[in-house]
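**Student:** Return a 3D structure for these sequence lines:
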Amino acid sequence: MANIWIARDYAACSGCKRCEIVCSMKHEGWIWPEASRIRIFMPFPGLEVPHLCAQCKDYPCVGSCPTQALSTDEVTGAVLVDREKCTSCGACIRACPGNVPIMHPSDNKATICNLCNGDPECVKVCKEAGYNALTLVEEGPSVHRKLFSRHPIEVAKELAVYFFGEKGEEVI
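**Tutor:** Below you'll find the model as predicted:
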């Protein structure tokens with residue numbers, strides 16, 4: 001298996017949060033969206049933004065960790081967290097262009113999507129629902145994944161223009 005990542009079609013996201021639910025079920029054993037490795041943000045009504053790790057090629061989060069608690073899986077390319085080494089300093093969050101990692105609500109340790117070991121549950125439920133906002137993609141030579149590692153507000157502003165037009169522009 002080549003390195004993989006989860007591409008997003010932001011305009012296709014319905015905000016159903018099935019991805020958050022299945023992620024928390026997989027990793028926590030119960031429905032706990034606050035501990036999900038994927039988050040759906042709604043910065044503006046009607047604009048939902050799936051937010052998760054894009055596995056940036058330069059992995060700024062991994063390089064920022066002072067205790068080497070973060071590494072990458074050689075097969076999938078996912079960021080892995082050694083919870084024993086994590087000191088909850090938040091350097092990984094600050095280094096991430098999209099502030100994607102979260103501090104887990106139970107132990108306050110860095111928490112990042114691990115791609116479900118190559119078979120992401122969020123992609124499966126999104127596809128089953130017919131939205132296809134999340135797609136599993138094998139790394140290709142022209143993939144610029146860092147474009148997907150942005151703050152949800154930035155993405156939502158672009159979606160607003162896409163859906164509703166520029167300020168002052170008549171939308172029919």
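**Student:** How many neighbouring residues does residue 51 have?
**Tutor:** Residue 51 has 22 neighbours, counted by other CB atoms under 10 Å. Glycine gets a C-beta too; all of them are placed from N, C-alpha and C.
**Student:** What strands line up against the host helix or strand of residue 41, and which way round?
**Tutor:** For residue 41, the element it lies in under DSSP states H and E is strand 39-44. Strand 39-44 has the following strand partners under DSSP bridges: strand 47-51 (antiparallel).
**Student:** Output the longest helix belonging to the chain.
**Tutor:** Using DSSP state H to define each element, the chain has its longest helix at helix 152-164.
**Student:** Tell me which other helices or strands that one touches.
**Tutor:** Counting contacts by 3 or more CB pairs under 8 Å, 6 or more residues apart in numbering; DSSP states H and E, helix 152-164 packs against strand 39-44, strand 47-51.
**Student:** thinking again about what came up before, angle of the strand holding residue 41 against helix 152-164?
**Tutor:** If you take axes from the mean of the first three to the mean of the last three CA atoms, to 10 degrees, strand 39-44 sits at 60 degrees to helix 152-164.
**Student:** At the geometric centre of the protein, which residue sits there?
**Tutor:** Centroid-nearest residue in the chain, with CA atoms, centre = their mean: residue 52, separated by 0.5 Å.
**Student:** what's the model's confidence in the strand holding residue 41, averaged?
**Tutor:** Confidence for strand 39-44, expressed as mean pLDDT, is 88.
**Student:** what's next to it, contact-wise?
**Tutor:** Contacts to strand 39-44, defined as CB atoms under 8 Å, 6 or more residues apart in numbering, come from residues 13, 15, 17, 19-20, 33, 48-52, 102, 152-153, 156, 160.
**Student:** try 7 Å this time
**Tutor:** Applying CB atoms under 7 Å, 6 or more residues apart in numbering, the contact partners of strand 39-44 are 13, 15, 17, 19-20, 48-51, 152-153, 156, 160.
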